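*Asks:* Provided below for reference: sequence and predicted model.
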Amino acid sequence: MKKGNKYGTHRVLEPKGVLPQPANKIDNNMDEIYDNEILIDVKTLNIDSASFTQIEEQAGGDKAKIAEIMLDIVAKQGKHRNPVTGSGGMLLGVVEKIGDALIGKTDLKVGDKIATLVSLSLTPLRIDKIKDIRPDIDQVDIDGKAILFESGIYAKIPEDLPENLALSALDVAGAPAQTAKLVKPGDTVLVIGAGGKSGMLCCYEAQKRAGVTGKVIGLCHSERSTKRLQELGFADVVFSADATQPVPVMEKISEITNGEMCDICINNVNIPDTEMTSILCTKDTGLVYFFSMATSFTKAALGAEGVGSDVKMLIGNGYTKGHAEITLQELRESEKLRKIFTDLYA
């Protein structure tokens with residue numbers, strides 16, 4: 001086997017010298033793998049929410065057109081990086097082959113079912129056939145192959161949870177795990193996009209970490225997601241609003257917090273232009289966690305400057321230590337959370 005680079009630069013075709021994620025094209029030839037790669041027989045792609053929303057809108061909701069757009073992305077780039085959002089997603093598959101240099105260094109074996117916890121935007125991918133598209137949960141069943149680099153992280157699919165349930169939760173594992181690290185007892189926490197997949201997990205974790213002296217506020221978009229979060233009981237206050245309208249939302253949060261505003265804001269939405277809502281609802285000494293891949297760094301940075309806000313801002317790294325374990329444990333701890341995830345995603 002040919003020797004590969006830890007970070008997968010040996011697969012980069014253009015431009016040379018960059019890492020696989022920002023590369024315009026990578027090698028997705030699966031006939032021969034490098035000595036430090038893992039070949040995966042792919043079953044399901046879980047497309048990033050911002051990415052799938054954009055593709056679905058571009059396709060006008062037509063599944064055949066969605067498939068055409070996805071196949072075109074992979075044909076041009078050798079990976080699934082949405083050219084509009086820049087984001088990817090992750091995948092579920094079975095380990096087919098392990099490179100010689102990794103034998104004895106990984107706990108994986110041929111036949112293991114895994115979810116990759118690195119983005120499809122850097123993962124060499126070949127799609128042979130798109131078998132089914134489930135727009136309501138951003139999942140696409142395929143026949144295909146993918147490569148996990150030596151530096152790539154993954155989670156074995158646990159035996160006590162259905163595959164699609166675990167995949168849906170692991171897709172957003174960074175958000176609740178970061179919430180667990182950031183929220184302290186007594187904090188007032190605003191979760192934007194609280195009725196969605198990552199939002200529900202974050203509300204559950206925030207409520208647990210903020211405790212009885214804290215407060216969790218859930219901002220939802222639709223009437224359905226608002227009602228769902230109210231019934232779950234993971235937030236002290238739940239309301240629906242347009243998160244792209246910062247001033248009305250800020251006024252609502254000021255009313256809820258008696259003018260104190262929030263210590264932490266966690267942004268999980270899959271649409272652009274919600275940066276200023278997050279910033280204005282957070283006190284100067286507070287922190288905004290932008291988990292959303294629809295976030296514009298420019299809008300957030302210049303917007304905060306423009307309103308004289310000294311709020312700290314954290315970019316949503318989809319990885320933090322223990323994120324897979326923390327997220328799957330939430331589904332085990334909460335019967336209500338597991339049931340709603342099973343109904344919606346499994």
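*Replies:* Sure thing, it's come through.
*Asks:* separation between the residue most central in space within the chain and residue 27?
*Replies:* Residue closest to the average C-alpha location in the chain (C-alpha atoms, centre = their mean): residue 172, at 3.7 Å. For residue 172, the distance to residue 27 (C-beta to C-beta, to the nearest Å) stands at 29 Å. For the C-beta atoms, the positions are set from N, CA and C on the backbone; glycine is no exception.
*Asks:* just residue 4 next, same as before
*Replies:* 11 Å.
*Asks:* give me the more crowded residue out of the two.
*Replies:* residue 4 (20 against 17; other C-beta atoms under 10 Å).
*Asks:* give the contact list for the nearest residue to residue 83 once chain neighbours are set aside.
*Replies:* In this structure, residue 83 finds its nearest non-sequential neighbour in residue 73, 6.9 Å apart by C-beta to C-beta, 6 or more residues apart in numbering. By C-beta atoms under 8 Å, 6 or more residues apart in numbering, the contact set of residue 73 is 80, 81, 82, 83.
*Asks:* same deal with residue 165?
*Replies:* Residue 165 neighbours (C-beta under 8 Å, 6+ apart): 331, 338, 341, 342, 345, 346.
*Asks:* residue 134 now?
*Replies:* Contacts of residue 134 (C-beta under 8 Å, 6+ apart): 140, 141.
*Asks:* about what we covered before: which helix or which strand is home to the residue nearest to residue 83?
*Replies:* helix 63-77 (DSSP states H and E).
*Asks:* now that helix: how far from the chain's centre is it?
*Replies:* 21 Å (C-alpha atoms, centre = their mean, to the nearest Å).
*Asks:* can you classify the nearest residue to residue 80 once chain neighbours are set aside by secondary structure?
*Replies:* Counting by C-beta to C-beta, 6+ apart, the nearest residue to residue 80 once its immediate chain neighbours are dropped is residue 120, at 4.2 Å. Here residue 120 is recorded as coil under DSSP: H, G, I helix; E, B strand; the rest coil.
*Asks:* residue 120: neighbour count?
*Replies:* Residues near residue 120, counting by other C-beta under 10 Å: 25.
*Asks:* now the nearest residue to residue 52 once chain neighbours are set aside: how far from residue 48?
*Replies:* Of all residues not flanking residue 52 in the chain, residue 138 sits nearest, at 4.1 Å (C-beta to C-beta, 6+ apart). According to C-beta to C-beta, residue 138 and residue 48 sit 7 Å apart.
*Asks:* all strands for the stretch 51-200 of the chain, in order.
*Replies:* For the stretch 51-200 of the chain, the strands defined by DSSP state E, counting those that start in this stretch occupy 89-98, 113-116, 125-134, 139-148, 154-156, 188-192.
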